[in-house]
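J.: Just to be clear, the model below is a prediction. Sequence and coordinates:
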Amino acid sequence: MFENLSERLSGVFDRLTRQGALTEDDVRTALREVRVALLEADVSLPVARDFIKRVQAKATGAAVMKSITPGQQVVKIVHDELIATLRGAEDPGKLKIDNPPAPILMVGLQGSGKTTTTAKLARRLSEREGKRVLMASLDTNRPAAMEQLAILGTQIGVDTLPIVAGQSAVQIARRAKQQATLGGYDIVLLDTAGRLHIDDTLMDEVQAVRDATAPRETLLVVDGLTGQDAVNVAAEFDGKLGVSGVVLTRMDGDGRGGAALSMRAVTGKPIRFVGLGEKTDALEVFDPERVAGRILGMGDIVALVEKAQETLEVEAAERMMKRFQKGQFNMNDLRAQLEQMLKMGGMQSLMGMMPGMGKMSRQAEAAGFDDSMLRRQIALINSMTKKERANPALLQASRKKRIAKGAGLEVSELNKLLKQHRQMSDMMKKLGKKGMLKQAMGGMFGKGKDTMPDPSQMDAAAMQAAARQLGGGMGAGMKLPGSLSGMGRKK
């Protein structure tokens, strides 16, 4: 998400922060490049102009010019203004899902991923907020649209309204609301028919559905790859329906992401969620502060911890921490960490969230440091006997040949894995002695409770320990791209 914009801005700020003192001309030159980067990322011209004007007014003030690190101060001003642009006048807060069953109307153009997004939102509300959700497809036009939602409902374990042939969208909506009331559901998600453009007939239909159900939220699903046209679509839908929020889909693609920056400023409507993949769990709350941090390459340690909490078992993590504090780190532990990294989204996802690692992700991928490498390493560990996994010191030449052959790989790859294990083992011993692991794990789980830490309360050492621990020891002895190049694909 925002990869191209992030790369352009990081280049500008690298040059800016290397200078000891900044003149007004330096700031103007840098902001001119920022404006070009915003326009190339598909941010609308009025929004880009207004953004630069606000930054320039603050960045050329006396307080900045006399600052010890003026370059970093300018970066902070840009960061704050990015948050202000993404957030708008006020924070919309959580979805209005009071007075059960609360109807949520899902609208959008055909092909924007509306039905899949409905299922993603249902899964999120069901699993994370413990809500009873009923999904209903009101799409009587697209072939198999209702069946698609029913299949998705079965996959995620969320109830869908039984299909009754011949009913209109309004009749289905009324039946869904009635069944949700009788069944004790908290939320009823109404997936309306998509359209290829702003079609008056279909607009009248969805307006009738809105009037019949009085939805608590009307969420517009927009394809993030459509660029500035997404803003126009949002304005049209809002004018005719009264949209309460926007969901941007396909934000994991190679789109330039400018629609997200323009959407709030132009339409005044908050971006509620972003879709970051095809899987039903690939939906994130749109948090302006965290998105701004990612755009400027500052990482997202909060998202990293959230992913860990979703996939880590507290008891298992605590057992592992006790072993690490004693200096015990064998191949079983390494395998567990490699598998944990894959569960949390893989190498590229984790590196994007770790502070200071975002810029390295492409170098790492080019050097072969990717998910396929993790799977090869797991295959090597699985090829070992129980004794060998518990005590890697047993591995001599003959054993290495057998293990490599069993995994279908070269002995050289096994040697690299053993070297990585030694580096991580040494790192774990150091962190264990200094108490950083305990501090990091305590912050992550709140002494056994599944609570969210406040990164601002963690010192730099604890945060880095948490990032390395969560990332499966990633970063142990890593110097990109040099040392990574030897850990990647076979040449």
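T.: Looks like it came in fine. Numbers count the residues shown, from 1 in each chain.
J.: Give me the helices and strands touching the helix or strand encompassing residue 83, please.
T.: Element membership for residue 83 (DSSP states H and E) is helix 70-87. If contacts are counted by 3 or more CB pairs under 8 Å, 6 or more residues apart in numbering; DSSP states H and E, helix 70-87 sits against helix 3-18, helix 24-40, helix 45-59, helix 62-65, helix 258-267, helix 288-295. In this view, the C-beta of every residue, glycine as well, is placed from N, C-alpha and C.
J.: residues contacting residue 401?
T.: Residues in contact with residue 401, defined by CB atoms under 8 Å, 6 or more residues apart in numbering, are residue 411.
J.: still on that earlier bit, which stretch in the helices and strands packed on helix 70-87 has the least confidence?
T.: Lowest mean pLDDT of the helices and strands packed on helix 70-87: helix 62-65, a mean of 56.
J.: Outline the domain layout of this structure.
T.: 3-87, 102-288, 301-485 (automatic domain parsing).
J.: circling back: how much does the helix holding residue 83 deviate in direction from helix 45-59?
T.: With axes from the mean of the first three to the mean of the last three CA atoms, to 10 degrees defining the directions, helix 70-87 sits at 140 degrees from helix 45-59.
J.: Which parts of the stretch 251-400 of the chain are helices?
T.: Assigned by DSSP state H, counting those that start in this stretch, the stretch 251-400 of the chain shows helices spanning 258-267, 288-295, 301-311, 314-325, 331-343, 346-353, 361-366, 371-382, 386-390, 397-407.
J.: Kindly report which one of the ones you listed carries the lowest mean pLDDT.
T.: helix 301-311 (a mean of 55).
J.: Quickly list what residue 190 is bridged to.
T.: Residues in a beta bridge with residue 190, per DSSP bridges, are residue 105, residue 136.
J.: do residue 245 as well
T.: Residue 245 has these beta-bridge partners by DSSP bridges: residue 219.
J.: correct me, but it touches residue 269?
T.: Yes: contact criterion CB atoms under 8 Å: residue 245 and residue 269 qualify, at 6.2 Å.
J.: Please say which of those two ends up with more neighbours.
T.: residue 269 (22 against 18; other CB atoms under 10 Å).
J.: Mind giving me the packing neighbours of the longest helix along the chain?
T.: For the chain, the longest helix by residue count, based on DSSP state H, is helix 411-434. Packing partners of helix 411-434 (3+ CB pairs under 8 Å, 6+ apart): helix 314-325, helix 331-343, helix 371-382, helix 397-407, helix 460-470.
J.: could you check the angle helix 411-434 makes with the second one?
T.: Taking the same axes, to 10 degrees, helix 331-343 and helix 411-434 form an angle of 90 degrees between their directions.
J.: What is helix 331-343 packed up against?
T.: By 3+ CB pairs under 8 Å, 6+ apart, helix 331-343 packs against helix 301-311, helix 314-325, helix 371-382, helix 386-390, helix 411-434.
J.: Could you count how many residues lie near residue 395?
T.: Other residues within reach of residue 395, judged by other CB under 10 Å, total 17.
J.: returning to that earlier point: tell me what angle the helix holding residue 83 forms with helix 258-267.
T.: 60 degrees.
J.: Restrict helix 70-87 to CA atoms and write it as CSV.
T.: The C-alpha coordinates for helix 70-87 follow below in CSV (Å, rounded to 0.1, in the frame of the first residue of the first chain):
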residue,chain,number,x,y,z
PRO,A,70,15.5,20.8,11.1
GLY,A,71,15.3,18.1,8.5
GLN,A,72,13.7,15.7,10.9
GLN,A,73,11.4,18.5,12.1
VAL,A,74,10.2,19.0,8.5
VAL,A,75,9.6,15.2,8.2
LYS,A,76,7.5,15.4,11.4
ILE,A,77,5.4,18.3,10.0
VAL,A,78,4.7,16.3,6.8
HIS,A,79,3.8,13.3,9.0
ASP,A,80,1.4,15.4,11.1
GLU,A,81,-0.2,16.9,8.0
LEU,A,82,-0.6,13.5,6.4
ILE,A,83,-2.5,12.4,9.4
ALA,A,84,-4.7,15.6,9.3
THR,A,85,-5.5,15.0,5.6
LEU,A,86,-6.4,11.3,6.1
ARG,A,87,-8.4,11.9,9.3
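J.: Mind listing what's buried along that helix?
T.: Buried residues in helix 70-87, counting neighbours by 16 or more other CB atoms under 10 Å, are found at 70-71, 73-79, 81-87.
J.: what's the closest of these to residue 195?
T.: Taking CB to CB as the measure, residue 195 sits nearest to residue 86 out of those, at 27.9 Å.
J.: residues contacting the closest one?
T.: Neighbours of residue 86 in contact, by CB under 8 Å, 6+ apart: 260-261, 264, 271, 286, 288, 291-292.
J.: would you put the C-alpha positions of stretch 208-225 in PDB?
T.: Written as PDB, here are the backbone C-alpha positions of stretch 208-225 (Å, rounded to 0.1, in the frame of the first residue of the first chain):
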ATOM      1  CA  ALA A 208     -35.900   2.100  -1.800                       C
ATOM      2  CA  VAL A 209     -33.800  -0.500   0.200                       C
ATOM      3  CA  ARG A 210     -32.400   2.300   2.300                       C
ATOM      4  CA  ASP A 211     -35.800   3.700   3.000                       C
ATOM      5  CA  ALA A 212     -37.200   0.300   3.900                       C
ATOM      6  CA  THR A 213     -34.300  -0.700   6.300                       C
ATOM      7  CA  ALA A 214     -33.100   2.600   7.700                       C
ATOM      8  CA  PRO A 215     -29.400   1.500   7.800                       C
ATOM      9  CA  ARG A 216     -27.100   2.600  10.700                       C
ATOM     10  CA  GLU A 217     -24.200   2.700   8.200                       C
ATOM     11  CA  THR A 218     -24.000   3.000   4.400                       C
ATOM     12  CA  LEU A 219     -20.600   1.800   3.300                       C
ATOM     13  CA  LEU A 220     -19.400   2.500  -0.200                       C
ATOM     14  CA  VAL A 221     -16.900  -0.100  -1.500                       C
ATOM     15  CA  VAL A 222     -14.500   1.400  -4.000                       C
ATOM     16  CA  ASP A 223     -11.700  -0.200  -6.000                       C
ATOM     17  CA  GLY A 224      -8.500   1.500  -4.900                       C
ATOM     18  CA  LEU A 225      -6.900   0.900  -8.300                       C
END
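J.: Report the rounded mean pLDDT for it.
T.: The pLDDT scores in stretch 208-225 average 88.
J.: that older thread, okay if I get the contacts of residue 86 as TSV plus distance to residue 336 and neighbour count?
T.: Putting those into TSV (distance: CB to CB, whole Å; neighbours: other CB atoms under 10 Å) gives the following:
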residue	distance to residue 336	neighbour count
260	36	30
261	40	28
264	41	24
271	36	29
286	32	22
288	35	19
291	31	24
292	34	22
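J.: Relative to residue 395, which of these is nearest.
T.: Using CB to CB, the contacts of residue 86 come closest to residue 395 at residue 291, 45.4 Å.
J.: In this structure the closest one contacts residue 260, no?
T.: Yes: using CB under 8 Å, residue 291 is in contact with residue 260, at 7.4 Å.
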